[in-house]
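Visitor: my questions concern the predicted model and sequence given below.
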Amino acid sequence: MHQLALPLLIGLIMVALAFDFLNGLHDAANSIATVVTTRLLSPVWAVAFAAFCNFSAYWFMGLKVADTIGKGIINKDIVTPGVVFGALAGAMFWNIVTWLRGIPSSSSHALIGGLLGAGIAHGGFGVIETKKTIETIYAIFLSPTIGFVLAMLLVLLTSWLFRGFQPKRAEGVFKVMHLFSSAAYSVSHGANDAQKTMGIITVLLYSTGHMVGDFKTPQWVIIACYTAMAMGTMSGGWRIIKTMGSKITKLNHHTGFCASTAGSIVVFGATAIGIPVSTTHVITGSVIGTGAARKANSVRWGVAGRVITAWFITIPISAAVGAVVYTITGAF
């Protein structure tokens with residue numbers, strides 16, 4: 001166990017909650033870009049709606065993702081406060097850079113990258129928990145691809161099912177369905193993303209001797225993380241909302257419903273088996289899928305290419321920053 005003064009422990013927990021707030025801010029676009037762009041809800045009501053749904057995940061989902069982050073990426077027994085700080089610094093650095101540039105990148109994979117970088121800097125490559133790390137890396141590529149395919153199929157299927165409807169009537173039906181699908185995606189976002197910070201705080205408590213009994217996320221950590229994420233979502237994230245909702249492809253209630261539904265299926269499935277996926281990657285893949293289902297040139301592939309590039313470089317950059325921060329703080 002690594003002894004840590006109580007003020008420093010509280011300070012690190014506050015940094016972790018700040019990351020969770022930033023995650024909510026950064027990822028507000030995940031669930032509300034489609035409803036804002038299609039004018040289903042005003043921006044103010046949309047973020048309040050998403051924040052409520054984020055927090056409501058507290059009553060619906062288990063904590064398998066928190067366990068994966070806490071003890072499934074690097075060996076929990078080698079974690080130090082310096083490793084936790086390096087991981088958070090790497091993740092927050094990349095979140096801020098991509099938020100300022102309006103690029104939908106992954107807070108989740110930034111955190112995993114930071115954790116890997118700081119962990120390896122501390123104990124070498126042997127600290128990596130191979131099984132869950134490999135599963136997570138596979139999910140980086142598979143989850144947006146599955147979202148893309150599901151969204152495309154949903155557009156084609158619903159277009160066929162509603163082929164005899166008057167356009168105005170069909171749009172009215174999809175408007176209601178779009179609201180419910182957006183709520184589902186917001187719940188899935190809260191369930192998967194908030195749990196990552198829970199895992200970080202839990203392993204910090206474990207590594208500093210402040211956890212009694214089994215490795216289990218305390219109730220106050222769960223509530224604090226859901227609250228921080230909901231507050232971040234309430235703060236918006238308008239640069240990324242614009243990219244997600246209009247720059248990649250044009251959305252309406254029909255395609256917004258298909259994108260949100262496909263995304264929620266993927267994220268709920270990953271959460272159920274404890275895989276920390278990127279909700280940003282999933283919904284981006286789903287939005288691209290709705291555009292491609294109509295016709296390939298309806299997708300702005302230049303913008304999509306920037307997003308895809310961010311997918312590939314998120315973990316390496318956040319890992320490098322995490323390792324550097326750990327090394328610098330370790331010198332003091």
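Guide: Okay, I see it. Note that the structure is predicted; figures quoted are calculated from it, not measured.
Visitor: looking at it, L9 is touching L204, isn't it?
Guide: Yes - using Cβ atoms under 8 Å, L9 is in contact with L204, at 7.4 Å. All C-beta spots, glycine's among them, are computed from the backbone N, C-alpha and C.
Visitor: shared neighbours, the two?
Guide: Common neighbours of L9 and L204 (criterion: Cβ atoms under 8 Å, 6 or more residues apart in numbering): P81.
Visitor: if you count surrounding residues, which of these two has more?
Guide: L204 (28 against 16; other Cβ atoms under 10 Å).
Visitor: from V79, how far off is that one?
Guide: 7 Å (Cβ to Cβ, to the nearest Å).
Visitor: likewise M92?
Guide: For M92, the distance to V79 - Cβ to Cβ - is 18 Å.
Visitor: where in the stretch 1-150 of the chain is pLDDT low?
Guide: 1-4, 27-34, 102-104 (pLDDT under 70).
Visitor: what's the local residue count around I78?
Guide: I78, neighbours per other Cβ under 10 Å, totals 15.
Visitor: any buried residues in stretch 136-148, and which?
Guide: Within stretch 136-148, the residues that count as buried by 16 or more other Cβ atoms under 10 Å are T136, A139, I140, L142, S143, P144, I146, G147, F148.
Visitor: now do the contacts for the fifth one.
Guide: It stands for S143. Shown in contact with S143 (Cβ under 8 Å, 6+ apart): V266, V267, A270, V277, S278, H281, V282, G285.
Visitor: in those residues, find the pair that's most separated.
Guide: Spatial extent of the contacts of S143 (Cβ to Cβ) is set by the pair A270 and G285 at 13.1 Å.
Visitor: of these two, which one has the most company?
Guide: Set A270 next to G285 and count neighbours by other Cβ under 10 Å: G285 wins out with 29 against 26.
Visitor: wait, the more buried one touches F141, no?
Guide: No - with contacts counted by Cβ under 8 Å, G285 stays clear of F141, the gap being 10.1 Å.
Visitor: okay, helices next: where are they in the stretch 1-150 of the chain?
Guide: Along the stretch 1-150 of the chain, counting by DSSP state H, counting those that start in this stretch, helices occupy 6-26, 28-37, 43-56, 64-71, 81-100, 107-123, 130-161.
Visitor: same deal with the stretch 201-332 of the chain?
Guide: 219-234, 238-242, 253-272, 279-294, 301-330.
Visitor: closest one to G113 among those helices?
Guide: Comparing these by Cβ to Cβ, helix 301-330 comes nearest, at 3.4 Å.
Visitor: which other helices and strands does that closest one contact?
Guide: Packing partners of helix 301-330 (3 or more Cβ pairs under 8 Å, 6 or more residues apart in numbering; DSSP states H and E): helix 81-100, helix 107-123, helix 130-161, helix 279-294.
Visitor: so which of those helices is nearest I315?
Guide: Using Cβ to Cβ, the nearest of the helices and strands packed on helix 301-330 to I315 is helix 107-123, at 3.7 Å.
Visitor: what angle do that closest one and helix 6-26 make?
Guide: 150 degrees (axes from the mean of the first three to the mean of the last three Cα atoms, to 10 degrees).
Visitor: any idea how far helix 107-123 is from the chain center?
Guide: Taking Cα atoms, centre = their mean, to the nearest Å, one finds helix 107-123 lying 16 Å from the centre of the chain it belongs to.
Visitor: helices and strands around it, which ones?
Guide: helix 6-26, helix 64-71, helix 81-100, helix 130-161, helix 167-207, helix 279-294, helix 301-330.
Visitor: make TSV out of those and add distance to L41.
Guide: Below are the helices and strands packed on helix 107-123 laid out as TSV (distance: least, Cβ to Cβ, whole Å):
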stretch	distance to L41
helix 6-26	17
helix 64-71	28
helix 81-100	22
helix 130-161	21
helix 167-207	8
helix 279-294	17
helix 301-330	24
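Visitor: distance of A183 relative to I288?
Guide: 22 Å.
Visitor: those two: which has the busier surroundings?
Guide: Comparing A183 with I288 by other Cβ under 10 Å, the one with more neighbours is I288, at 26 against 19.
Visitor: what about the closest residue to G289 other than its chain neighbours, neighbour count?
Guide: Nearest residue to G289, sequence neighbours excluded (Cβ to Cβ, 6 or more residues apart in numbering): A151, at 3.3 Å. By the criterion of other Cβ under 10 Å, A151 has 31 neighbours.
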